[in-house]
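J.: can't give you the sequence, but here's the structure:
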Ligand code: ARG
């Protein structure tokens with residue numbers, strides 16, 4: 001009986017944790033104030049001065065002239081602007097599946113893209129250039145010199161297509177421009193193809209720049225709208241028209257370039273990085289905990305159900321249980337996440353937010369492992385215990401509840417604890433779909449500071465502290481539960 005009340009205590013503790021963390025998440029999530037119309041913008045905020053992260057008043061903000069244009073559009077529509085930051089190659093699927101209403105991301109209206117989405121009038125033009133390290137400055141390559149060279153490009157961009165056209169070039173296609181710059185700095189690639197407006201932001205002592213493709217190779221930028229959404233398309237073109245006639249776009253570009261120009265302080269040590277960006281990590285911790293706590297709770301529920309299936313007398317249920325465990329354990333969680341986040345949205349129109357997709361993936365995944373842990377625990381209880389209980393006149397259910405399960409629970413507690421710790425660490429995978437957890441924030445800090453080590457060491461330390469505290473707590477619970485054994 002005492003044991004049962006302890007269960008309740010643990011559960012209660014979780015509920016309390018949840019009710020305290022959940023409101024924070026909701027407040028900062030995409031659900032803005034109710035009632036007002038929302039305009040969801042998809043962008044890849046790695047493209048200064050178009051769109052980029054910047055710490056203003058100690059808070060991480062997405063700024064840039066694309067963002068300013070988006071704000072103008074939202075204002076004209078009387079809507080509230082919600083920004084979704086993601087990898088550049090995730091933008092088209094996000095737009096098509098209805099996850100976002102429009103895409104402003106310095107995107108060039110190519111014929112290929114026009115097959116899947118519509119574009120507004122163009123609002124900006126830039127040129128293609130090649131970035132190289134300062135040490136190679138006098139090489140000043142042209143496109144022809146790039147044959148057989150190691151080149152960095154952004155995944156899904158027109159620069160990737162240009163790179164593919166260079167004979168023998170070995171391309172490294174990455175999500176973020178800042179990743180490409182890091183690759184260039186660390187000699188993993190020897191050149192990067194980018195747009196001149198963007199390259200300008202990286203011109204400093206470390207990286208040199210050489211213009212390469214002639215002027216006619218221009219990259220225009222336009223706003224992507226879902227096919228058939230002519231109402232929004234017209235509104236967007238209307239706003240662009242107005243901005244152009246007011247000469248506002250040039251002004252927004254200048255403002256954004258100034259924002260981009262005041263660079264982050266270089267050579268901060270790890271403690272300074274942590275202190276300056278502590279609010280980023282704090283947000284990350286909140287989401288990681290929320291994600292893991294909900295993942296564990298639903299994982300336990302799924303695990304119990306699947307475990308019961310596996311132990312059931314009806315063979316079809318047993319089969320379902322086994323199939324679930326085998327399939328989930330036999331496929332990578334990243335793949336499961338992609339199916340749940342993109343697959344369901346594009347194929348069935350079931351659109352989950354990153355938070356929802358993350359919780360679903362984590363619960364489904366840990367459910368399989370927990371089911372096995374529970375099953376091992378129940379199997380591990382001596383048959384004699386059940387038989388003795390039955391012979392004392394207990395029904396099967398009561399014998400399970402009061403005799404077998406409490407013993408099983410005690411036996412598997414360490415294994416469950418391990419699984420919780422695993423979930424906290426594995427939840428970092430959810431960052432790839434833009435879930436603002438610790439890992440995601442570490443990348444953001446990396447993108448802002450151009451430091452490759454400190455942001456991740458800080459993340460590692462935070463994960464370690466979380467898992468360490470958790471395993472200490474679990475150890476304590478374990479000792480409490482086993483106290484009754486030492487009579
Ligand atoms: N203009 C190029 C394209 O459409 C690159 C755009 C990249 N944009 C970004 N936000 N990273 O492919």
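T.: Sure, I can see it. Not measured: the values here are computed from a predicted model.
J.: drop to CA atoms for contacts and neighbour counts, all remaining ones
T.: Will do.
J.: just for the stretch 151-300 of the chain, where's the confidence low?
T.: By pLDDT under 70, the low-scoring segments of the stretch 151-300 of the chain are 204-207, 213-216, 262-266.
J.: Around the ligand, pick out the residues from the stretch 1-150 of the chain.
T.: Taking CA under 6 Å from any ligand atom as the contact definition, the stretch 1-150 of the chain meets the ligand at 44, 45, 46, 47, 88, 105, 106, 107, 108.
J.: Mark which of these are part of strands, please.
T.: 46, 47 (DSSP state E).
J.: what are the ranges of the helices in the stretch 351-487 of the chain?
T.: Secondary structure of the stretch 351-487 of the chain, counting by DSSP state H, counting those that start in this stretch: helices at 354-380, 383-391, 396-399, 405-426, 438-449, 454-482.
J.: Looking at those, which is nearest to residue 185?
T.: helix 438-449 (13.6 Å; CA to CA).
J.: Remind me what the closest one packs against, helices and strands.
T.: strand 51-56, helix 278-310, helix 454-482 (3 or more CA pairs under 8 Å, 6 or more residues apart in numbering; DSSP states H and E).
J.: I'd like the next helix or strand past the shortest one.
T.: Proceeding N to C from strand 51-56, the next assigned helix or strand is strand 59-63, under DSSP states H and E.
J.: and the angle for the helix or strand following that next one with strand 51-56?
T.: The helix or strand immediately downstream of strand 59-63 is helix 65-77, counting by DSSP H and E. Relative orientation of helix 65-77 versus strand 51-56 (axes from the mean of the first three to the mean of the last three CA atoms, to 10 degrees): 90 degrees.
J.: And the contacts of the very next helix or strand once past helix 65-77?
T.: Going down the chain from helix 65-77, the next helix or strand is strand 80-85, by DSSP H and E. For strand 80-85, the surrounding residues in contact (CA atoms under 8 Å, 6 or more residues apart in numbering) are 30, 36-45, 70-71, 74, 100, 434.
J.: what pairs with strand 80-85, and is each one parallel or antiparallel?
T.: The pairing partners recorded for strand 80-85 under DSSP bridges are strand 38-43 (parallel).
J.: show me where pLDDT drops low in the stretch 351-487 of the chain?
T.: For the stretch 351-487 of the chain (pLDDT under 70), the answer is 484-487.
J.: again, 50 this time
T.: Counting by pLDDT under 50, the stretch 351-487 of the chain contains no low-confidence range.
J.: For the closest residue to the ligand within it, give its distance to residue 356.
T.: For the stretch 351-487 of the chain, the residue closest to the ligand is residue 447, as judged by CA to the nearest ligand atom, at 12.7 Å. Distance of residue 447 to residue 356, computed by CA to CA, to the nearest Å: 26 Å.
J.: if we can go back for a sec, any figure for the gap between the residue of the stretch 351-487 of the chain closest to the ligand and residue 55?
T.: Residue 447 sits at a distance of 12 Å from residue 55 (criterion: CA to CA).
J.: These two: who's more crowded?
T.: Using other CA atoms under 10 Å as the criterion, residue 447 and residue 55 rank with residue 447 on top: 23 against 16.
J.: Please, which helix or strand holds the nearest residue to the more buried one once chain neighbours are set aside?
T.: Once flanking residues are discounted, residue 447 sits nearest to residue 178: 5.7 Å by CA to CA, 6 or more residues apart in numbering. Using DSSP H and E, residue 178 falls within helix 177-185.
J.: near the ligand, anything from that helix?
T.: No. Judged by CA under 6 Å from any ligand atom, helix 177-185 makes no contact with the ligand; its nearest approach is 6.5 Å.
J.: what is the orientation angle of that helix with helix 438-449?
T.: Here the directions of helix 177-185 and helix 438-449 differ by 60 degrees (the same axes, to 10 degrees).
J.: contacting residues around helix 177-185?
T.: Residues from elsewhere that reach helix 177-185 (CA under 8 Å, 6+ apart): 46-47, 132-133, 152-154, 174, 189-192, 206-207, 447, 450, 452.
J.: related to what we said a few turns ago, got a list of what the residue of the stretch 351-487 of the chain closest to the ligand touches?
T.: Going by CA under 8 Å, 6+ apart, residue 447 touches 46, 178, 179.
J.: So what's the residue count around the last one?
T.: Taking other CA under 10 Å as the criterion, the count of residues near residue 179 is 21.
J.: My read is that residue 126 contacts residue 220, right?
T.: Yes. The pair residue 126 / residue 220 is scored as a contact, 6.3 Å apart, by CA atoms under 8 Å.
J.: and stretch 120-129, how far out from the chain's middle?
T.: 28 Å (CA atoms, centre = their mean, to the nearest Å).
J.: Could you tell me which residues within that stretch count as buried?
T.: 120, 121, 122, 123, 124, 126, 127, 128, 129 (16 or more other CA atoms under 10 Å).
J.: I'd guess the last one is in a helix, am I close?
T.: No. Counting by DSSP: H, G, I helix; E, B strand; the rest coil, one finds residue 129 to be strand, located in no helix.
J.: Any idea what it is bridged to?
T.: residue 194, residue 211.
J.: That one reaches residue 212, doesn't it?
T.: Yes. Using CA under 8 Å as the test, residue 129 is close enough to residue 212 to be in contact (5.2 Å).
J.: picking up where we left off before, now for the residue nearest to residue 447, how many residues are close by?
T.: 21.
J.: cool, and residue 445?
T.: Other residues close to residue 445 by other CA under 10 Å number 26.
J.: what do you get for residue 313?
T.: The number of residues packed around residue 313, counting by other CA under 10 Å, is 10.
J.: Check which helix or strand it maps to.
T.: Using DSSP H and E, residue 313 sits within no helix or strand.
J.: Backbone torsions only: list them for it.
T.: The phi/psi pair for residue 313 (degrees, to the nearest 10) reads phi -80, psi -30.
J.: per-residue pLDDT, it?
T.: Note for residue 313: predicted pLDDT of 87.
J.: The helices and strands packed on helix 438-449: which one's closest to residue 240?
T.: Among the helices and strands packed on helix 438-449, strand 51-56 comes nearest to residue 240, with 17.2 Å by CA to CA.
J.: Only the buried residues of that closest one, if you could.
T.: Neighbour-count burial for strand 51-56 [16+ other CA under 10 Å]: 51, 52, 53, 54, 55.
J.: now, among those, which is nearest to the ligand?
T.: Of the buried residues of strand 51-56, the one sitting nearest to the ligand (CA to the nearest ligand atom) turns out to be residue 51, at 6.5 Å.
J.: Identify the residues contacting the closest one.
T.: Applying CA under 8 Å, 6+ apart, we find residue 51 in contact with 43, 44, 45, 62, 63, 64, 65, 66, 67, 105.
J.: So what sits opposite it in the bridge?
T.: For residue 51, the beta-bridge partners are residue 47 (DSSP bridges).
J.: hang on, residue 385 packs against residue 400?
T.: No. In this structure, residue 385 is not within contact of residue 400 by CA under 8 Å, at 9.7 Å.
J.: That's all I had, so thanks and see you.
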